[in-house]
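[1] Need a 3D model of the sequence below.
(one chain, ligands or ions: 1)
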Amino acid sequence: MAKEEYAIHIPIQQYHPNELTDIERIWVDEAIAAAKKAYAPYSRFQVGAAVVLADGQIVTGSNQENAAYPSGLCAERVALFYAGARYPDIPVKAIVIVACRDGIIQKPTAPCGACRQVMLETERRYRHQIQIILYGSDTVYEIASAESLLPLAFDADLRSNEQFFAINN
Ligand SMILES: [Zn+2]
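    Below is the predicted model of the structure:
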């Protein structure tokens, strides 16, 4: 096979917070309220996540740190795992992520790699795309699917990368 270069296109909508819909504003407010409950004495970086289920219920989480650093967990996974534990039969349709440090961070805060992996598996598990809203006080990023945030993702099913290439090329 000859060497070949290809580019992966990641569609992201960028807009001002006042363009959020009324329902999205409610989700954002839930994420902000969750961030204020973070236990983040080490980073002082408070993150809130609002996971929206397909039936409209909202499950929130915040980062939970620990003196033994790796024992802590990100807000996104706290919320996603709680949703999976409490409502295992209901798909996740959206997640809002907000970070605060002396007020809400102006630019959108993106999830770490491990949280992207969990978001992607949640999406595949329920065969339901997850709308991702990364909220900053002056800019919002919106991504239509967890798949977009983790191209070339690890998957126990080796066919999936072939499918990814088939769709994107
Ligand atoms: Zn994370």
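[2] So what touches stretch 103-122?
    Applying Cβ atoms under 8 Å, 6 or more residues apart in numbering, the contact partners of stretch 103-122 are 32, 35, 47, 74, 76-77, 80-81, 84, 92, 95, 97-99, 130, 132, 134-141, 146-147, 149-150, 153-154. All C-beta spots, glycine's among them, are computed from the backbone N, C-alpha and C.
[3] Output those of those also counted as contacts of the ion.
    With Cβ under 5 Å from the ion as the criterion, those include residue 74 near the ion.
[4] Counting only strands, which of the contacts of stretch 103-122 make the cut?
    Mapping the contacts of stretch 103-122 onto strands (DSSP state E) picks out 47, 92, 95, 97-99, 132, 134-135, 140-141.
[5] hmm, which two among these are most spread apart?
    92 and 99 (20.1 Å; Cβ to Cβ).
[6] Filter the contacts of stretch 103-122 down to just the buried residues.
    32, 35, 47, 74, 76-77, 80-81, 84, 92, 95, 97-99, 130, 132, 134-137, 140-141, 146-147, 149-150, 153 (16 or more other Cβ atoms under 10 Å).
[7] Around the ion, which positions in this protein sit nearby?
    74, 112, 115.
[8] measure the first one to residue 114 for me?
    With the distance defined as Cβ to Cβ, to the nearest Å, residue 74 ends up 7 Å from residue 114.
[9] what do you get for residue 151?
    16 Å.
[10] Please report the distance of residue 5 from residue 149.
    Taken as Cβ to Cβ, the span from residue 5 to residue 149 is 22 Å.
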